[in-house]
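Enquirer: please work out how this folds:
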Amino acid sequence: MGDPAGVGPEVCLHLLQNAEVAELCVPIVFGDRVVLEQAAEQCGLAKPAKYIGGLAEADEPCVLDLGAITTSDFETGTVNADTGRAGYTYVEDAINAALSGQVAAVTTAPLNKEALRAAGIPHPGHTEIFAALTHAERACMLQYSSEVRCVFVTTHVPYAEVPRLLTKERILDTLELGAQAMRRIRGAEPKIGVLGLNPHAGEHGLFGDEEERIIIPAIETARERGFDVEGPIPPDTAFLPAKRRATDVFVCLYHDQGHIPLKALCFDEAVNTTLGLPIIRTSVDHGTALDISGEGKANPSSLFEAVKLAKKLLANSF
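Expert: Residues are numbered from 1 along each chain as shown. Prediction:
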């Protein structure tokens with residue numbers, strides 16, 4: 001359900017009423033009854049029709065009522081340690097249900113990073129939580145849309161730390177996970193573009209040496225392993241229309257390098273997924289939007305697309 005104070009409850013209410021989603025799967029919202037009913041009243045939406053106490057009862061769209069928080073513990077639209085803890089509880093329970101085979105996949109509504117920190121959660125976001133709780137040996141974020149697909153070598157770290165975190169091995173891991181995902185989704189060998197870190201992709205060492213020391217060796221090794229790779233591509237020209245059409249997935253070196261073009265091009269339909277996990281996890285590609293939570297303004301399209309992608313990944317699992 002995401003952070004109770006954000007738009008997660010609202011978009012989950014839309015999900016439970018969506019006929020297209022109900023044809024694809026039996027959606028189960030891991031969350032709290034009192035929070036969802038409060039959101040329904042605030043936003044003028046229908047309340048959930050069914051609540052369950054155990055997953056064996058799920059035979060139609062429903063809510064697994066976890067009792068992680070009460071409405072007196074928080075205020076809608078406000079960062080709160082209690083909502084951070086509750087949001088983490090929903091995710092933890094969903095991960096355990098997926099690992100045990102009780103659910104087929106997990107799709108997440110947004111968490112609030114400040115609330116997670118206030119609650120003492122040692123992870124900055126979903127990607128890190130899923131990697132830790134599933135004990136994944138390697139994992140990365142994929143942002144997926146019809147216009148552009150990006151995988152990320154680093155994500156929720158300060159920009160100043162990015163250069164020292166880049167290694168040939170880390171770039172190769174991200175590239176390989178991205179290629180595996182594209183094969184699974186598209187059924188063919190992907191064309192991969194690797195971005196440079198520096199202006200003009202370093203201009204042969206004129207504007208930084210990361211390309212020469214780290215990025216180009218990673219690309220060369222990837223080609224030796226049989227991947228169809230172009231790069232390093234200057235970041236300022238990587239996302240031009242012709243380049244997007246010719247590239248199945250871009251390997252981005254830090255968070256904003258891929259998130260900015262992706263959200264500018266297709267904010268409402270973009271989906272976030274974590275690669276390298278033993279379970280399938282997809283997510284909305286937006287935050288908790290505390291400024292509009294409880295107002296009935298949240299667009300549920302990204303959540304619907306995230307469920308559709310999870311179903312597609314399940315259908316093409318191997």
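Enquirer: now Ile215: how far from Gly193?
Expert: Noted for Ile215: a distance of 12 Å to Gly193, by Cβ to Cβ, to the nearest Å. (Glycine included, C-beta is placed from N, CA and C.)
Enquirer: need the residues touching each of those two.
Expert: Residues touching both Ile215 and Gly193 (Cβ atoms under 8 Å, 6 or more residues apart in numbering): Gly231.
Enquirer: and Ile192, what is it in contact with?
Expert: 175, 178-179, 222, 227-231, 247-251.
Enquirer: partners of it in the sheet?
Expert: As for beta bridges, Ile192 partners with Val229, Val249 under DSSP bridges.
Enquirer: now the residue nearest the centre of the chain: closest residue in space that isn't a chain neighbour?
Expert: Nearest to the mean C-alpha position of the chain, by Cα atoms, centre = their mean, lies Asn272 at 2.9 Å. Spatial nearest neighbour of Asn272, chain neighbours left out: Ser283 (4.2 Å); criterion: Cβ to Cβ, 6 or more residues apart in numbering.
Enquirer: can you confirm Leu197 is in a strand?
Expert: No. Assigned with DSSP: H, G, I helix; E, B strand; the rest coil, Leu197 falls outside any strand and is coil.
Enquirer: dump the residue contacts of the nearest residue in space to it that is not next to it in sequence.
Expert: Excluding the flanking residues, the one nearest Leu197 by Cβ to Cβ, 6+ apart is Glu210, at 4.7 Å. Listed by Cβ under 8 Å, 6+ apart, the contact set of Glu210 reads Pro163, Leu166, Gly196, Leu197, Asn198, Gly202.
Enquirer: okay, the fifth one: pLDDT?
Expert: pLDDT, the model's per-residue confidence, is 93 for Asn198.
Enquirer: how near is it to Thr127?
Expert: 25 Å.
Enquirer: let me see the ranges of the strands in the chain.
Expert: Ranges of strands within the chain are 28-31, 51-52, 62-65, 106-108, 140-144, 150-152, 191-195, 228-233, 249-252, 271-275, 281-284, based on DSSP state E.
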